[in-house]
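Engineer: fold the following and give me the result.
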Amino acid sequence: MTTKALTRCYRFPSVDFEPDLRMLVWQDGSETILTVHESRLLEALCYCAGEVINPQALYDKTFIQIEAYEENNHTHFDLNALLVSLNHKLIYQGQPAIAIEIVATHGFRVPLPNKTCRLVHTFKESKFTQFTNDKTDKNEPSESAAEHIVKHSILHRISVLLLAAAGVALFFLADNILL
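Structural biologist: The predicted model follows:
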């Protein structure tokens, strides 16, 4: 069963960066998973693509929102070590797929992506399959989790009936109040 998700995408010549999935998708279909911090760093750079971002602003965009929700707010992240590990993952066939340029005494910059978009990412194998699909015909589209709930969940049917009853009640109440 394949799973699909609508994700944000920064498309570069040889790689798509999907920050929602923390993933680099290469032209040959292979995927590289990024850590949370690597993904946030690359997302901040891509969001400001073409512009030079000073190290403090880049640090703030990458880590400050994370620290606000952590119990230990005194954690210090090494931006340089993170840039090194990210650069290693961005090498494809001996070339940097997304070149992170260091602008001396000013900061960092990545080139503009070819395209920013939303796309449907198809997962090859779902590790998180909640529902099994008994269909034997491979040409028939598989049932999504939402479709399964709508078709088979008793709680869903009860909630729809309650909402419909509440709507009818409101209609009659509003009609009686106006009279």
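
Engineer: okay, buried residues for the host helix or strand of Leu82 please.
Structural biologist: Using DSSP states H and E, Leu82 falls within helix 79-89. By 16 or more other Cβ atoms under 10 Å, the buried positions in helix 79-89 come out as Leu79, Leu82, Leu83, Ser85, Leu86, Lys89. C-beta here means a position set from N, CA and C on the backbone, and glycine is covered the same way.

Engineer: what of stretch 16-36?
Structural biologist: Asp16, Phe17, Glu18, Pro19, Leu21, Arg22, Met23, Leu24, Val25, Thr32, Leu34.

Engineer: what about those, which are in strands?
Structural biologist: Asp16, Phe17, Glu18, Met23, Leu24, Val25, Thr32 (DSSP state E).

Engineer: let me know whether the third one touches His121 as I believe.
Structural biologist: Yes - at 6.1 Å, Glu18 and His121 qualify as touching, with contact defined as Cβ atoms under 8 Å.

Engineer: what about stretch 39-51, distance to the chain center?
Structural biologist: 14 Å (Cα atoms, centre = their mean, to the nearest Å).

Engineer: any idea of the mean pLDDT in it?
Structural biologist: Mean per-residue pLDDT for stretch 39-51: 91.

Engineer: so for Glu18 and His121, which residues contact both of them?
Structural biologist: Thr7, Val25 (Cβ atoms under 8 Å, 6 or more residues apart in numbering).

Engineer: where does the prediction get shaky in this protein?
Structural biologist: 1-2, 65-76, 123-148, 178-179 (pLDDT under 70).

Engineer: what's the farthest-apart pair in the buried residues of helix 79-89?
Structural biologist: Leu79 and Lys89 (15.8 Å; Cβ to Cβ).

Engineer: residue ranges for the strands of this structure, please.
Structural biologist: According to DSSP E, the strands that the chain contains are 3-11, 15-18, 23-26, 31-33, 91-92, 95-96, 101-103, 107-109, 115-123.

Engineer: can you tell me what sits against the longest helix anywhere in the chain?
Structural biologist: Secondary structure of the chain per DSSP state H: the longest helix is helix 154-178. When contacts are defined by Cβ under 8 Å, 6+ apart, helix 154-178 is touched by residues Ile149, Val150.
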